[in-house]
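Engineer: Provided below for reference: sequence and predicted model.
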Amino acid sequence: MTSLLRRIGALTVVILLTLGLAPAAFAAPTPSPTPTAPATPRAITDPVFDDRNSTLTIPDVAGVQYSVDGQQVQPGTIRYTVPFKGLKVVVTAVGVNGTPTPSPSSWTHTFPEVVEPVAPTFDDAAARVQAPSRSGVRYMLDDGSNPPRQLTPGSWNDLSAYRGATVRVYAEPVAASVTLLIGTTEWTHTFPAALQPPTFDDLKATVTIPAVVGVEYLIDGVVTQPGEVNIGPVAFRGKVVTVTGRGANGAAYPAPQTWKHTFPEVVEPAAPVFDDANAKVQTPSRLGVQYVLDDGTAEGKVLIAGSWNDLSAYRGTTVRIFARAPYPSVTLLIGTTEWTHTFPAALEAPTFDDLKSTVTIPAVVGVEYLIDGVVTQPGENYVGPVEFRGKAVTVTARGADGAAYPAPQTWQHTFPEVVEPAAPIFDNANLKVQAPSRLGLRYYVNDQALIPGSWNDMSAYQGQTITVEARAASSVTLLTGTTRWSYTFGYRPDYPITSGDEFNDKGVAKTWKILNENVPSKGKGVNRSDNVTVRDGMLDIRISRHCLATDTEVPSDANKFEGVCPPGTITRYSTGRMNSGFVYGVPKSMEVRAKLDEQHDGLTATAWMHNSQPYCNSTIRNSNLAEFDVMELWATDYITAMTHMVCTNGANHSQGVRMDADLPGTWNTYRVEWDGYAVRYFFNGQQVGGADGVITAARMGLTQQQFVSAINDYQWQVVFGITVPVNGGWAPWVDDGKPFPDRHDLFDYVRYETFDPAACTPYGAIGELARTRPDLGQQTGCETNAAVPGARVQTFQNGRVYWSPDTGANVVKGAILEAYDAAGGDKALGLPLQSEMAVRGGASQRFQNVTMFWSPGTGAHWMRGRILDKYAEMGWENSNIGFPTTDEICGIRDGGCFQRFQGENGHIYWSPATDAHFVRGAIFGRYGAMGWETGSFGYPISDEICGIRDGGCFQRFQGENGHIYWSPASGAWGVQGLIFDHYGRAGWETGRFGYPVGPEECRNLPDARECTQTFQGGRIVWNSRYGLSG
């Protein structure tokens, strides 16, 4: 009884009670005594199905029991609420009390949903129709086509092609078996015809209104009688007129229609004015009109309106000028629009002499010449002194005594300033040259411009003869006198510095390049060569304060000042910097002994080295740069040693180490070492950063090949320099408001040792293994300490060998080595426990903390912990999920992790609450569609379980009692919650429902929430009011 009430609703109960049937009427009938003879079957009466009223009438037949959908019912009428897509009902009849079962004994009927369609809406003005939007009903246009045209529901459908015609629109069910239409289902409508348009005459500026019975026309909103109507004067940019046609006297039909038209301004262009004397033309200035010279191009040359246009290039030729409207839609030209004119030929030109600053006037009968408006006699005429930027002179020729011909002609010429350049000044002691500062002049050495008014460093030319050449800076300067000067410089000490420099000679070695600048290149200090000297067996870099009158003034002894610079002056500092050039091979070590001035606050002392690759900037985004900052002293109480390597996308890979120290006034040694595996820094013999101060490829975030290549494949140079940081920056700076006596930073030596891998012969356990592995190639570094305490490592061309007492010697190479370094190397993943092993076309290798797997198709990836255990349970790489395609990925929901694999879209998921389980194939595809671990199912709590009905599989998940079922016939679908409970009670996939064939679908009904899921054998429905059914 409960199931029947859930199906036919409360209304049925009311009907049954009305008929006087108590609930007991639905109980099984009381057994009758056994008849003595077979009864004769009674004549059966069919139940009556009324589709229009959605009712079922059960007949009252003695000895016959009727059931609906398996539930016994009493005679009477049952009314159904039929949903969209109809309602299927099965009625059966059986004999009772010995009465034979009548024939027929079963009736199946599908009640359709009864719908009264809403009428469509017609819009005469726009000639369109709007079809209502109703599930199960579609609206069709009877346009003679086969099949007829279906209208778009809920939208306006354009029927402008049917203006003046009658259309028929009818409604029909989308599926007749589940929808029954009642009421009006067909509508006809006649659209009014389109109106006759007005006629527009641009030249006359008129509108002609047609005479149409029953129609009135409006011009700009004013009712206008039929006939030609003048719309008045049209100004520049035209006049827009709107004409509307509509039913007269307020009639609704025909529908209003509008026409817009822009009348152009009608213009008769004025003629241009030609000037033969100057070969010019003046074009009138008129809005909406453009004058164009026919210069042989498709568009022609547009002339400047209202001005004299120079056409001197056309002397002796005929030109054509035409007028046109630049905006034809708003301007209409009439009358003459084209003019031709022939200019007379040119006169004999005067002669200009730049060196003498003279103009020679030719003698021509009947012609007079004027210089700057003054009549001038034939012959040579001096134009006066010429200053910087030259002097412009205008010469005009015309007919003498006011004669009109020949036509006047003009020449313009700019005389240059004549300059005798001063000689440069040579400084042999400092290998410099000073170029005089003179407007209009530039001085060059080998096509390299010298800085005017400054000392230019010529150290590159020591022992050589140079030639300084003066050149005019522009066309308004003409040089005379001596313009080239030759000079031979002396020598600086010339000795090799390939092993460093002890600074014991009388000057700076020739190899060192000392910077000489006039303005700051970094910070607020200017690098001056005078500040770099060698004295008493030491390199001395001096830092001085200067008070400058202007920003371009060069720091010198003349403006040096130890006090606070006076107001109105600029405080600047001179310092020094020098570099060796790329004379050094691969570094094994570099050591510097230095002493900072006792007053060193605000200064940065550096001694560093870098390879020959460029630094990244706005144009260079990638570089194999390598830089070791052996000594980088921003402060006075600690040292910093930085490593910068391999610029990628504009950013360096950088690592730094530091150590506290008391630096000013004491001698200290700073050292860097490279052994082919790692970079280490030392201060006074102590490793900076201790055991954590080892800079390896893994620490830099580079592969070993990148790391070694950046160091070993290029030449290197050494740089010394003192920087004066700007005020307010992150580095300490000099207080400009306090006195600043000269500072002197001293360097006793720089010692450089070149790295030679050939001297790093493998020995011990590493050597024994290397001799059995010729595939490693030659060693590229010496054996050294690894990051794991007590372990040793040595690098080779094709790999690396690690050794420790606990693990022995093992090789790491190739893609596994690259992935090992990328993950942090031995410090993060531990030491190798074995060398690489070949597996199934790939390789694997065990480490103390992880196991690495590699194949050509997946690359190298590490695994660990419970995910690795689950992978082992499945058969490692021999399982159907193959090799891993990612490292372990953590940081997901509830502290979980997952890892992707090669085969069958395989994944292994782990969380603290669920342990590790694999998900693959179509089940993983469905899991992903549901949001993976962030969806309602959460993490898997079992592996895939197969071998069930019809070759299917299923898998359990953490949330909502979630399961995903798959079979070849049904695909993969999730089942959860109460629907899964009902499914389980029915026997899961082995029961009558079989496998799910679609997702759970939920909707809001007027009085309840309902969810449905379809299975091979039927549907399971959950309703918030009625519970579960199916």
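Structural biologist: Done, it's in.
Engineer: for the stretch 801-950 of the chain, which spans come out with low pLDDT?
Structural biologist: Counting by pLDDT under 70, the stretch 801-950 of the chain contains no low-confidence segment.
Engineer: for the protein, what helix or strand is lowest in average pLDDT?
Structural biologist: helix 2-18 (a mean of 34; mean pLDDT, DSSP states H and E).
Engineer: could you identify the helix or strand that succeeds that helix?
Structural biologist: Next helix or strand after helix 2-18 toward the C-terminus (DSSP states H and E): strand 48-50.
Engineer: contacts only, for Gly882.
Structural biologist: Contact analysis of Gly882 by Cβ atoms under 8 Å, 6 or more residues apart in numbering lists 855, 858, 901-903, 906. Glycine gets a C-beta too; all of them are placed from N, C-alpha and C.
Engineer: which one of those sits closest to Val646?
Structural biologist: Thr858 (25.7 Å; Cβ to Cβ).
Engineer: contacting residues for that closest one?
Structural biologist: So Thr858 contacts 842, 882-885, 902 (Cβ under 8 Å, 6+ apart).
Engineer: in a markdown table: these, plus secondary structure and distance to Asn622.
Structural biologist: Converted to a markdown table, the contacts of Thr858 look like this (DSSP: H, G, I helix; E, B strand; the rest coil; distance: Cβ to Cβ, whole Å):
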| residue | secondary structure | distance to Asn622 |
| --- | --- | --- |
| Gly842 | strand | 31 |
| Gly882 | coil | 34 |
| Phe883 | coil | 31 |
| Pro884 | strand | 30 |
| Thr885 | coil | 27 |
| Gln902 | coil | 31 |
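Engineer: tell me the contacts of the nearest residue to Cys1002 once chain neighbours are set aside?
Structural biologist: On the basis of Cβ to Cβ, 6 or more residues apart in numbering, the spatially nearest residue to Cys1002 that is not a chain neighbour turns out to be Cys1011, at 4.1 Å. Listed by Cβ under 8 Å, 6+ apart, the contact partners of Cys1011 are 979, 1000-1003, 1021-1022.
Engineer: low-confidence ranges in the stretch 151-300 of the chain?
Structural biologist: 253.
Engineer: the chain: helices as residue ranges?
Structural biologist: Ranges of helices within the chain are 2-18, 697-700, 704-712, 764-772, 814-822, 825-829, 865-873, 921-929, 977-985, based on DSSP state H.
Engineer: buried residues in the fourth one, which are they?
Structural biologist: Neighbour counts over helix 764-772 (16 or more other Cβ atoms under 10 Å) mark 765-767, 769-770 as buried.
Engineer: of the residues you listed, which is the nearest to Gly962?
Structural biologist: Among those, and counting by Cβ to Cβ, the member closest to Gly962 is Leu769, at 52.3 Å.
Engineer: tell me if I'm right that Pro120 and Tyr139 touch.
Structural biologist: Yes: contact criterion Cβ atoms under 8 Å: Pro120 and Tyr139 qualify, at 6.0 Å.
Engineer: mutual contacts of those two, please.
Structural biologist: 131-132, 151, 169.
Engineer: that older thread, what subset of the contacts of Cys1011 is buried?
Structural biologist: Using 16+ other Cβ under 10 Å as the threshold, 979, 1000, 1021-1022 are the buried ones among the contacts of Cys1011.
Engineer: distance to Ala403 and pLDDT for those residues - can I get that in TSV?
Structural biologist: What follows is these, written out as TSV (distance: Cβ to Cβ, whole Å; pLDDT from 0 to 100):
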residue	distance to Ala403	pLDDT
Ile979	114	94
Glu1000	108	94
Val1021	114	96
Trp1022	114	95
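Engineer: okay, and which of those map to strands?
Structural biologist: Within the buried ones among the contacts of Cys1011, residues falling in strands by DSSP state E are 1021-1022.
Engineer: turn the buried ones among the contacts of Cys1011 into CSV, including distance to Ile945.
Structural biologist: Shown next, in CSV, are the buried ones among the contacts of Cys1011 (distance: Cβ to Cβ, whole Å):
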residue, distance to Ile945
Ile979, 20
Glu1000, 21
Val1021, 27
Trp1022, 26
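Engineer: looking at the sheet around the closest residue to Ser911 other than its chain neighbours, what are its partners?
Structural biologist: Closest residue to Ser911 apart from its sequence neighbours, by Cβ to Cβ, 6+ apart: Gly896 at 3.6 Å. Beta-bridge pairing of Gly896 under DSSP bridges involves Ile892.
Engineer: would you confirm that Gly896 contacts Asp915?
Structural biologist: No: contact between Gly896 and Asp915 fails when scored by Cβ under 8 Å: they sit 10.6 Å apart.
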